[in-house]
Structure formats: C-alpha cells, structure tokens
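> give me a 3D structure for the following:
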Amino acid sequence: MPTPSITGLRKHLVACALALVALPPGAHAALGEPEAAVASDVQQLRATVKSTQRSTYRLHEIQLPSGSMLREFAGPSGTVFAIAWSGPSIPNLRQALGGYFDTYANAAKTPHSGHTHLQILKDGFVMQSGGHMRAFSGRAYLPQAIPAGTSTDEIR
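Below is the predicted model of the structure:
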C-alpha cells in the first residue's frame with residue numbers, strides 16, 4: 001500500500017476540519033472545560049461510558065458507535081485537561097477540543113513534515129495525531145493543567 005503524500009494528508013486533514021466545522025456544537029465536555037457534560041456527550045453520541053477514578057484524575061472512556069474510543073481526563077477540579085482517541089475513525093474534534101479547535105485547524109493547514117503524523121506545540125496546547133484509514137489515534141492536552149504526579153505517558 002503506498003504511503004500518502006504530505007499534500008494528500010494535508011488535504012485530508014483540512015477536509016476533516018471543514019467537515020467538523022459544519023457539525024452542530026451541542027453540549028460537550030471539551031478540553032479545558034468542566035467534565036460535567038460527559039453524561040450529555042454519551043447520550044448525544046449514543047455511546048457508552050466507563051468512568052474510573054485514578055490517583056490524580058478521573059478517566060472517562062467513551063465507546064463511540066463507530067468503534068472508536070474517546071478518553072477524557074479530568075483533574076481534581078473537574079476540568080478536562082486531556083483527551084485521547086483511538087479506533088477506525090477520528091471523533092468529532094470540534095466537540096472534543098472545544099476552544100482549542102481553531103488552534104488545531106490553523107496548524108493542520110500549515111506545512112509540516114511527516115506523512116501521517118501531526119504534532120502541535122503551541123500556547124499551552126499539545127496535540128499529536130496520526131494513523132491511516134481504520135487505525136487513527138491521537139491525544140491533546142494542556143501541560144499547565146496536568147495534575148501533579150500525572151505523567152503525559154498516561155494520556156493515551
């Protein structure tokens with residue numbers, strides 16, 4: 001199977017970003033926002049959720065009907081400090097990234113190296129995304145909001 005070109009990947013990312021812009025925002029527990037809306041996310045997305053209390057944060061694993069898994073990490077204050085996803089499709093990043101979506105969309109438009117990987121390190125926002133058809137994964141987090149004692153390696 002041929003490796004996608006940088007131009008092809010860039011077009012794909014921009015197309016995904018534009019498609020997500022057209023989706024209604026709805027209620028959501030987005031990056032940097034209160035986790036209280038996780039329940040409405042699950043209902044709106046017709047998904048299932050498993051919530052687990054870890055030593056320094058709560059992990060909400062949302063199984064989407066598409067087969068993808070969206071994970072939302074919330075600190076002791078109840079704010080979502082990280083999200084991660086994996087599966088056959090990319091979740092609605094407009095919803096998951098909230099106010100950080102524009103940072104992602106603008107970065108996806110700019111030239112970057114790599115064929116299937118996007119990395120953004122900007123203004124207290126980190127995002128890494130990659131994959132190919134039916135095998136996508138990524139994560140986004142706010143370094144300044146990660147609870148003490150939590151490693152970024154746990155965000156996956």
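> dump the residue contacts of Val49.
Val49 makes contact with 38-39, 41-42, 60-63, according to CB atoms under 8 Å, 6 or more residues apart in numbering. Where you see a C-beta, it was placed from the backbone N, CA and C, and this is true even at glycine.
> which parts of the protein are helices?
Counting by DSSP state H, the chain has helices at residues 6-21, 38-45, 93-97, 101-109.
> now stretch 67-78: mean pLDDT?
Averaging pLDDT along stretch 67-78 yields 96.
> what is the burial count for Lys122?
Other residues lying near Lys122 total 12 when counted by other CB atoms under 10 Å.
> gap between Ala30 and Asn92?
Computed as CB to CB, to the nearest Å, the Ala30 to Asn92 distance reads 10 Å.
> hang on, the earlier thing: need the least confident one among the helices of the chain, by mean pLDDT.
If those are sorted by mean pLDDT, helix 6-21 sits at the bottom with a mean of 42.
> how about the strands in the protein?
48-53, 58-63, 69-74, 80-87, 117-122, 125-132, 135-141 (DSSP state E).
> now those strands in a markdown table, with distance to Ile155?
Formatted as a markdown table, these follow (distance: least, CB to CB, whole Å):
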| stretch | distance to Ile155 |
| --- | --- |
| strand 48-53 | 14 |
| strand 58-63 | 10 |
| strand 69-74 | 6 |
| strand 80-87 | 5 |
| strand 117-122 | 14 |
| strand 125-132 | 9 |
| strand 135-141 | 5 |
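> ok, what's across the strand from Glu126?
Not Glu; residue 126 is Val. Val126 has these beta-bridge partners by DSSP bridges: Leu121, Tyr141.
> for it, what are its contacts?
Listed by CB under 8 Å, 6+ apart, the contact partners of Val126 are 120, 140-143, 152.
> how many residues are close by Thr152?
Look at Thr152: counted by other CB under 10 Å, it has 13 neighbours.
> my guess is it meets Tyr141, correct?
Yes. Taking contacts as CB atoms under 8 Å, Thr152 lies within contact range of Tyr141: 6.7 Å.
> restricted to buried residues, select the contacts of Val126 in ChimeraX.
Once 16 or more other CB atoms under 10 Å is used to decide burial, the buried members of the contacts of Val126 can be selected in ChimeraX as follows:
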select :120,140,141,142
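> would you reformat the contacts of Val126 as a markdown table and include distance to Tyr100 and pLDDT?
Putting the contacts of Val126 into a markdown table (distance: CB to CB, whole Å; pLDDT from 0 to 100) gives the following:
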| residue | distance to Tyr100 | pLDDT |
| --- | --- | --- |
| Ile120 | 9 | 92 |
| Ala140 | 7 | 98 |
| Tyr141 | 10 | 98 |
| Leu142 | 8 | 98 |
| Pro143 | 13 | 97 |
| Thr152 | 16 | 96 |
